[in-house]
Structures are given as C-alpha cells and as structure tokens.
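>>> dropping the sequence and predicted coords here.
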Amino acid sequence: MIKNVVFDLGQVLVAFPWQKFMMDLYKNEEMVKKVGDATVASPLWKEVDRGAIPLQELIEQCVKANPEIEKEITEFFRRKNEIAVPFPFAKEWIEEVKEYGKKVYLLSNYSEESYLYMEERAEFPKLIDGKVISYSIMHVKPEAEIYQSLVSTYDLDPTESIFLDDVEENLEAAKKFGFQTLLVKEPLTARKELRDIITKSL
C-alpha cells in the first residue's frame with residue numbers, strides 16, 4: 001500500500017537544461033564545456049547544495065581556478081536561477097497523485113537561493129505535504145542522513161512510500177531505508193508508470 005509519494009526536483013518536476021542555457025549565452029560549444037566544468041560539473045557545486053559554503057565563495061573559487069573565463073563564469077552565476085523551470089505538467093501531476101489520497105513530499109539537492117527562487121515562481125510547491133531540501137540540513141543525496149531526515153520529520157513509513165529520482169545512486173540509497181523507487185528517465189513516462197503503480201496498490 002503506497003501512502004506517500006516522494007519527488008526529487010531536478011529533471012523530475014523541474015527542468016534544468018544548463019547546457020542549452022549556456023549555449024544560448026556563449027554560442028560556443030568549447031566555452032560551454034569550460035564553464036560547465038568550472039561550475040555545474042565541479043565538486044564545489046554540490047557543496048553549495050549542501051549549504052556548506054555560500055554562493056559568493058563558490059563563485060570566487062570557480063573564478064580563482066579558471067581566471068581566463070572570469071567574465072563568462074560571472075555572467076553564468078548572475079543568471080543561473082533562470083535555468084530551472086518547472087515542467088508545465090508538474091502541478092497537474094501532483095494534483096493527480098493527491099486525488100488518489102496520497103501525501104506528496106519533496107526530497108532534493110538544492111541550494112537555498114535557487115530553491116527559494118524556484119518556489120516563489122512555481123505553483124506545485126503550494127500543494128505538497130512536506131519537504132527536505134539539502135541546504136536546510138547540510139546533507140545531500142545519496143547520504144543516508146537526508147533520507148533519515150525525511151522519515152523522521154514526517155514520521156513516514158518508507159515501506160509505504162515511493163521515491164522518484166533521475167539518479168540511480170540516489171534510489172539505491174533510498175532502497176536501504178525500505179523505500180519503493182522509480183527511476184525517472186523521462187518525466188511523462190514516469191507519470192504513467194507511477195499512475196500504474198498506485199492504481200495497482202489500491
């Protein structure tokens with residue numbers, strides 16, 4: 001019996017097309033790779049999601065390591081909150097899940113600035129029953145502490161919960177707690193798969 005549906009954000013409810021965003025900015029594939037490696041693909045990026053270092057420190061460290069592209073890095077960070085855009089069906093998807101009588105939670109790696117920016121502009125966060133976002137507890141997926149925080153904060157039974165994420169490693173960590181899981185390769189397909197799982201469990 002599934003009582004709770006737990007959603008990741010990026011590439012599940014929210015698009016994060018950073019390569020396209022950078023290409024629109026720089027019009028140059030080589031520059032996209034350079035800036036991507038210096039920012040989004042840098043190990044420091046996850047530390048901002050963790051809340052371990054402030055955004056300004058991340059920017060300074062990225063620039064220090066890549067001074068030849070300081071202008072491009074600075075421009076990227078100035079506009080980075082524009083990248084994440086809720087999928088047009090996100091609100092409808094959550095409404096559908098709740099119509100089945102399920103509670104809905106968010107469990108995601110996100111920096112404070114980016115999450116608050118997205119939350120203010122999206123409709124679906126108003127519908128959820130709770131959330132654990134990485135910056136607020138200084139732990140990121142797939143670390144055990146972030147799953148434990150969700151379970152403890154909302155008194156969830158993981159065996160009655162299903163977790164949707166686009167990263168297999170994050171799902172494997174959730175399984176250790178007893179969560180059912182669904183790998184999201186394409187959100188609309190995942191929506192149908194989740195609907196089938198829920199209806200079979202009714």
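Right, received. Where do you want to start?

>>> all strands for the protein, in order.
Along the chain, the stretches classed as strands by DSSP state E are 4-7, 14-15, 85-86, 103-108, 130-133, 161-165, 180-183.

>>> ranking helices and strands of the protein by mean pLDDT, which lands last?
Scoring the helices and strands of the chain by mean pLDDT, DSSP states H and E places helix 43-50 at the bottom, with a mean of 90.

>>> for that helix, buried residues please.
L44, W45, E47, V48, D49, R50 (16 or more other C-beta atoms under 10 Å). From N, CA and C alone the C-beta is placed, and that goes for glycine too.

>>> got the angle for that helix vs strand 103-108?
Calculated by axes from the mean of the first three to the mean of the last three C-alpha atoms, to 10 degrees, helix 43-50 forms an angle of 140 degrees with strand 103-108.

>>> list of residues touching helix 43-50?
By C-beta atoms under 8 Å, 6 or more residues apart in numbering, the residues outside helix 43-50 that reach it are 39, 53-55, 58, 61-62, 109-111, 134-135, 138-140.

>>> please report how far Q180 lies from D157.
11 Å (C-beta to C-beta, to the nearest Å).

>>> between those two, point out the one with more neighbours.
Q180 (20 against 12; other C-beta atoms under 10 Å).

>>> what sits closest to that one if chain neighbours are left out?
Of all residues not flanking Q180 in the chain, I162 sits nearest, at 4.2 Å (C-beta to C-beta, 6 or more residues apart in numbering).
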